[in-house]
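1. structure for the following, please:
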Amino acid sequence: MRWLKVVTLAATALMAASNSGGQDASPDYQRLLDVGVFAFGGVGFAGTISEGEAAFRKILVEDHAVETFARVLSQGGKREAQVYALCGLYVRDHKAFKQQASQLKSGLPKGQTIMVQTGCTIMPEDARDVIKRIESGDYDMFLGQPDSLKK
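-> Below is the predicted model:
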């Protein structure tokens, strides 16, 4: 009888995992949640893309990208991860981006910084300023035009 309970619990856990589509457990989702530096373009001496950007780009092309980016914002990923998630919404669901950007900015403590890397330089920047740059299109050269604005 005890083994039946164990089998039932295991089956329930497997069904729950399959119903989530495995999205939460994807390596790219986990990498994005844990990212500690926000960067686009070539960084470091070799000019390679950052681990955060690599994870962001893999998620961006997935069918469930909007849901994944929304989850990063709602589940309290690091601030740098949340800014990447805003970029994803900027491209894939501009209306959701506007709403989430407004919410994130209003919820940030005054002076909240994130680590931003440009080339070889890593420095803290005001998170609100980075979000404003996304809103104004400063990252469009890395992101492309939002889907909602394409004709």
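
2. so the most centrally placed residue in the chain is in which element?
-> Against the mean C-alpha coordinate of the chain, by Cα atoms, centre = their mean, the closest residue is A85 at 2.9 Å. Element membership for A85 (DSSP states H and E) is helix 79-92.

3. which regions of the protein sit below the pLDDT cut-off?
-> In the predicted model of the chain, residues 1-25, 145-151 satisfy pLDDT under 70.

4. what residues does stretch 86-96 touch?
-> 56, 59-60, 65-66, 68-70, 73, 97, 100-101, 104, 131, 134, 139, 143-144, 146-149 (Cβ atoms under 8 Å, 6 or more residues apart in numbering). C-beta: built from backbone N, CA, C; applies to glycine.

5. what separates G76 from Q82, distance-wise?
-> Separation of G76 from Q82 (Cβ to Cβ, to the nearest Å): 8 Å.

6. can you select the buried ones from the contacts of stretch 86-96 in PyMOL?
-> In PyMOL, a selection of the buried entries from these looks like this (16 or more other Cβ atoms under 10 Å):
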select buried, resi 56+59+60+65+66+68+69+70+73+97+100+101+104+131+134+139+143+146
